[in-house]
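**Student:** Would you be able to build a 3D model of this:
(2 chains)
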Amino acid sequence: MTPTIAPDGAEASTLVDLEVVDATLREALRAGGEWAELFAEDRTSTGVLFDEGRVEEMNSGRDRGVGIRVTSGEVTGYAHTSDMTPEGLADAARTAAAVATRSQVGGTVDMESFRGSGTAVPGVEVLPESVGADAKVALLRAADDAARSTHEAITQVTARYGDSRRRILVANTNGVCAADDQVRTLFSVSCVASGDGGLQTGRETVGYTVGWELFDDYDPAELAQRAAHRAVTKLAARPAPSGEVPVVIARGGGGVLFHEACGHGLEADLVRKGASVFRDRVGTQVAAEGVTLVDDGTMGPEWGALRIDDEGHPTQRNVLISDGVLTDYMWDWLRSRDDGRAPSGNGRRQSYTHLPMVRMTNTFVTNGDLDPDDIIADTPWGVYVAHLGGGQVNTATGDFVFGMTEAYLIEDGEITEPLREGNLIGNGPQVLLDIDAIGNDFAMGHPGTCGKDGQGVPVGDGQPTLRVRALTVGGTAA
Amino acid sequence: MSERRQYDTDELAQMAQQVCERAAGREQIEVCVSTGRSTTVRAYNGEVESLRSGVTAAIGVRVLEDGRQGFASAGSLDPDVVSDTLEAARRNVAFGESDPHQRLAEPDGVEPPGLDLGDPSVLSIPDADKIAAAIDLERRCLDADPRISGVRVSAWSDGWSQSALASSTGICVQTSTGSCSIGAQPLATGGDETQIGYAGDAARRPDELDVDRVVTESTALATGQLGATKPPSERLTVVLAPSVAAAFISVVASVLAADSVLKGRSPFADRVGSQIADERLNLIDDPTDPATLGAANFDGEGLAARRNALISAGVLGGFLHNAYTARRSNTSSTGSAVRGTRSVPAVGIHAPVVGTGDTDNDMLNASIGNGVLVRGVSGLHSGVNPTSGDFSVGAWGHRIAGGELAEPFREATIASTLQRMLLGICGIGATAEPLAGGRSMPPLVVDDVALSGV
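**Tutor:** Next up is the predicted model:
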């Protein structure tokens, strides 16, 4: 296998000729905008689905297009097209500007040289596109074999491989002009175990902003065995309790709680519209002492890492809650403009057909100083959550739910029986205050996709082992 | 450049057929091509906040050879992209593995319902009217109740899409569809508490949108939650409001898809002909009713869309099939292939319809005495395991005490299994109430559900 040159913004910078970028932005201003932005994207992806012991699907996809955003005052116009000719872009610029013409014409085009392409995200060693499909299939077959030979109760195995490469170019009339080349590689395996108590599932996923070298660090067969064990263990699971119980969350297993419980409420677009419980709370104690929450887009090679956001601004490490005190929200360009401050590198979009908005990147709680074993030993009765699944939050109230995909009972300070799946429900602001123990064993969790207003973007999350004094477990046991 | 020209569906069909004609040897080719245009307007504080519009084009090519499948897709219909996509699909075939059932759908002689779904009126709505609709919706929500303090989102969207699907087995169909929708998320404030509501509607024509219902429902959901508290944990009877019943039924429908059954991932495998639900329950998939946005002339493989009875008087009648699952199960496709241009056909329901029951909707609360009315659920994607049937979702709504609607509750979950919930249905409203997209659903009553709160 030949190593490939690490991608940077160089190739992406040629997505649209800079003279055409300049002409398109000028056209947008001429048509009535105060400010204009061009976002060009070229995305390729590969996916292999291995199911029932064979390759069921091998897919490849390609998308290219441009979105033009024009603002005047509080009004935003947006037009997207897959026609990347100068005429096509000029058409889109006029369409985007049409809604903005009620305001005065103003603004200038003043593009500086490229920025971005920083060093935050480590380079990719082997581009997945340079690796043959046979190698990708072999990896999935190894996972399938390993899972099936783990235990006779394993009746189904699904393994997936996916990679994507996304080249973006962003330029605006404030002089931002940046490009990036984003590579992600993902592997997941899901097993079904069948027993007297019905069917149970177990899953493992790894994904990073790296290339094929992902598999130097992770062995698909080992991941598959772990997923298989998880499914088999759950065959003996008893119903989860119902009601408020102390919950200990394993390191890296529950960062999604903080993503849902407070991350969304700290997005400036929601705060600005009064749709967040955290509005007007900066400088106040919103979490227990010792709780520090960070959103860090520079944290390569985690799943949510980016050199620049989708508005061309460098990502950064943003401390949102420091020792329990709310320090800041997350910002995109539009919301930071209105507040007269710098963006925080959180303006993201799913694709060129979407408007950017405030989004998280890698969101996590930092280490405390307790030994994780002591936290469990110090819990007479409760639930130990090894892995949480997806979740959802009502940002206006802070009420959230998320699924427990692997959980156990804690009895007399020890982890005992496995529990069946159920949802946890709680209230974000309350949970932050109810954290009463934080371990010193920080880890990031599984790669995730965060959905907001119909757009999905890759995100990461993490935390050390920690305990929440009381959360409602939505089980069926009395 | 081809993106700059407009295609009509005949031209799309011709383009798809031309690619299929390149099939060589034992190769089978299926091509789906589509174009679309869409606009979304959001209003805030009485002004347009954003107007987004765009055109898209896409092609998906599936190549099968000796039971192996390859697929590729792209977001352009440029001739060179079309050729590249075919070649990419062919390359992918080489890595597929043979499955004798994996062949394209063959024409089955079933006549499509012949619905006229392509009402072009959405194409002629001026942007100014779309903006006015979003602003008006926001104002009406604000005026609906003094406790409404703002509207997080007030939006209008419309879209028009044309597509054609052709295959080397002789299928060639084309479709034009238009739709428009509105949605509002009003905020209700009382003291230092804020609650959010949501409602929306979608239709083929703007004059079919029920703005009154969207305003009434979204604001009532927000104000109704003010003062809500966490309920005690107990097992009780729940009334599922029509929108919640619809969400529950869509989960049930997903486990009646034959692909999950064949792969041993459905709790209802081997249950055809058995009682899987209370005898009050009748569930059909009816894409032939043009009143709903789920209506279709063809499925995702170009076969006629058709009516399928899934559960009759509580007895499981059968599963939903596409060509592949049907061949593997030695039966016929039920016309239930669902897909986008950019993905291979899966199996799914088009337009679920639940038969009404015999309890007056207004009498449902009285009929149970004590319990809860669930007006909203959250975490459906994470809280339901379609393989095991375990069901645990966030829930909010009102308590029912002495047969009357009582105080609101929130921050709770309802949990059971899909299997038990279907058998536990103990009442169905006599009237199906309107939902977004021309659908309607009666409220459902389910007994012995675990409510978790304090």
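**Student:** Now for A:A240: which residues touch it?
**Tutor:** By CB atoms under 8 Å, 6 or more residues apart in numbering or on different chains, the contact set of A:A240 is A:383, A:404, A:407, A:419-422, A:473-477, B:392. Glycine gets a C-beta too; all of them are placed from N, C-alpha and C.
**Student:** got those as CSV, with pLDDT and distance to B:G348 columns?
**Tutor:** Formatted as CSV, the contacts of A:A240 follow (pLDDT from 0 to 100; distance: CB to CB, whole Å):
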residue, pLDDT, distance to B:G348
A:V383, 97, 35
A:M404, 89, 27
A:A407, 94, 30
A:L419, 93, 31
A:R420, 86, 27
A:E421, 81, 23
A:G422, 82, 26
A:V473, 91, 32
A:G474, 85, 27
A:G475, 79, 30
A:T476, 76, 29
A:A477, 71, 34
B:S392, 88, 23
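**Student:** so B:A245 makes contact with B:V445?
**Tutor:** No. Under the criterion of CB atoms under 8 Å, B:A245 is not in contact with B:V445, lying 9.6 Å apart.
**Student:** Rank the helices and strands of chain A by mean pLDDT and give me the bottom one.
**Tutor:** Lowest on mean pLDDT, DSSP states H and E among the helices and strands of chain A sits strand A:115-116, with a mean of 44.
**Student:** after that one, next one along is what?
**Tutor:** Sequence-wise, the next helix or strand downstream of strand A:115-116 (DSSP states H and E) is helix A:133-150.
**Student:** mind checking how far the helix or strand following that following helix is from the chain centre?
**Tutor:** Next along the chain after helix A:133-150, taking DSSP H and E as the criterion, comes strand A:154-172. Here strand A:154-172 shows a centroid-to-chain-centroid distance of 13 Å under the convention CA atoms, centre = their mean, to the nearest Å.
**Student:** which intervals of the chain have sub-threshold pLDDT?
**Tutor:** All of this is about chain A. Along chain A, the model assigns pLDDT under 70 to residues A:1-13, A:101-122, A:478.
**Student:** Chain B is the one I meant
**Tutor:** For chain B (pLDDT under 70), the answer is B:1-5.
**Student:** mind giving me the domain split of it?
**Tutor:** B:2-222, B:228-454 (automatic domain parsing).
**Student:** so which of those gets nearest A:G195?
**Tutor:** Closest approach to A:G195 among those (CB to CB): domain B:228-454, 10.8 Å.
**Student:** Check the separation of the first and last residues in that closest one.
**Tutor:** With CA to CA, to the nearest Å applied, domain B:228-454 spans 13 Å between its terminal residues.
**Student:** Mind checking if it is in reach of chain A?
**Tutor:** Yes. Residues of domain B:228-454 are located near chain A by CB under 8 Å from any CB of the partner chain, namely B:230, B:233, B:235, B:263-265, B:267, B:342-344, B:378-379, B:381-383, B:385, B:387-390, B:392-394, B:396, B:410-416, B:450-454.
**Student:** what residues does the stretch 351-478 of chain A put near chain B?
**Tutor:** A:353, A:355, A:389-392, A:394-397, A:399-403, A:420-423, A:425-427, A:453, A:472-476, A:478.
**Student:** Can you pick out the ones from the residues you listed that are in strands?
**Tutor:** Per DSSP state E, strands hold the following members of those: A:389-392, A:394, A:399-403, A:422-423, A:425-427, A:472-474.
**Student:** contacting residues around the residue of the stretch 201-350 of chain B found nearest chain A?
**Tutor:** Closest residue of the stretch 201-350 of chain B to chain A, CB to the nearest CB: B:S233 (3.9 Å). By CB under 8 Å, 6+ apart, the residues touching B:S233 are A:242-244, A:472, B:450-454.
**Student:** Are any of these buried, and if so which?
**Tutor:** A:242-244, A:472, B:450-453 (16 or more other CB atoms under 10 Å in any protein chain shown).
**Student:** Which pair in those residues has the greatest spatial separation?
**Tutor:** A:E244 and B:A450 (13.9 Å).
**Student:** Quickly list what the closest residue to A:T449 other than its chain neighbours is bridged to.
**Tutor:** Leaving aside its sequence neighbours, A:T449 sits nearest to A:G456 (CB to CB, 6 or more residues apart in numbering or on different chains; 4.7 Å). Applying DSSP bridges to A:G456 yields these beta-bridge partners: A:G451.
**Student:** likewise the one 4 residues further on?
**Tutor:** Using DSSP bridges, the bridge partners assigned to A:G460 are A:N362.
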